[in-house]
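Below is the structure, and that's it, no one-letter string:
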């Protein structure tokens, strides 16, 4: 990074999340508190908990506005985590998230179709989602751990051409083969310097984040507990 490494500069590039099956309301509270404390870009939760967090986030953002602090955005998920839902279901899910007040949507491409090489099917799914989310930020998750390099490259192109604002590496659900700097570097080579790339899945240390940033990622999806750890690492580094 060219700019000094501070908690504020790093946190501004982090979407704080709790999006695992076992994530609870307590985790959601931690997500919001962590984003508020360090100035995270956005928070991401699973659907029902997203509905419940809205009034709490609004309260926090009113206070932050009175203090002259940046607003924390609300993210919603669609087709999460497998991407295999019917397109109509994905679009309905995205529409509902926007109705709840989400500023942006993280959707999962149809991973099975990508693995089969049915790129027309992948594209049609994403074009419909782009139409549903028009005017809002759309991030498309490729789920790199399940794809080879050729599939990652093609999936990145298809998502970008379908109008995605950000191309994201993973949901973070795969237990093995987490997102790597090589995944991000490949996406950057394919998409060029102007595309927005979000890295997620196993980002658990400051060095890991910096390596992914060097490879080309400019936004990171990280669990709240790992965000706290990274912020502690930064504090130790600058003191």
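Nice, thanks for sending it over. Note that the coordinates shown come from a computational prediction; the quantities given were computed from them, not determined experimentally.

shouldn't residue 217 be in contact with residue 200?
No: in this structure, residue 217 is not within contact of residue 200 by Cβ atoms under 8 Å, at 9.1 Å. Just so you know, the C-beta spots here come from the backbone N, C-alpha and C atoms, and that holds for glycine as well.

Between these two, which contacts overlap?
When contacts are counted by Cβ atoms under 8 Å, 6 or more residues apart in numbering, residue 217 and residue 200 have residue 169 as shared neighbours.

which parts of the longest helix along the chain are buried?
If you go by DSSP state H, the chain has its longest helix at helix 47-66. For helix 47-66, the neighbour count (16 or more other Cβ atoms under 10 Å) marks 49, 50, 51, 53, 57, 60, 61 as buried.

okay, and for this protein, where does confidence drop off?
For the chain, applying pLDDT under 70 flags the ranges 1-3, 239.

rewinding a little: quick one: which two of the buried residues of helix 47-66 are the most distant?
49 and 61 (17.5 Å; Cβ to Cβ).

can you pull up the bridge partners for the residue lying closest to residue 196 once chain neighbours are set aside?
Leaving aside its sequence neighbours, residue 196 sits nearest to residue 166 (Cβ to Cβ, 6 or more residues apart in numbering; 4.3 Å). Under DSSP bridges, the beta-bridge partners of residue 166 are residue 139.

State the distance from residue 90 to residue 131.
Taking Cβ to Cβ, to the nearest Å as the measure, residue 90 falls 12 Å from residue 131.

who's more crowded, those two?
Per other Cβ atoms under 10 Å, whichever of residue 90 and residue 131 has more neighbours is residue 90, with 25 against 11.

Can you verify the more buried one is assigned to a helix?
Yes: per DSSP: H, G, I helix; E, B strand; the rest coil, residue 90 lies within a helix segment.

Go ahead and confirm it touches residue 107.
Yes: taking contacts as Cβ under 8 Å, residue 90 lies within contact range of residue 107: 6.3 Å.

Mind listing the shared neighbours of the two?
Residues within reach of residue 90 and of residue 107 at once, by Cβ under 8 Å, 6+ apart, are 78, 79, 129.

among these, which are in strands?
residue 78 (DSSP state E).

what's the distance between the closest residue to residue 146 other than its chain neighbours and residue 103?
If the residues on either side of it in the chain are set aside, residue 146 comes closest to residue 111, at 5.6 Å by Cβ to Cβ, 6+ apart. Taking Cβ to Cβ as the measure, residue 111 falls 25 Å from residue 103.
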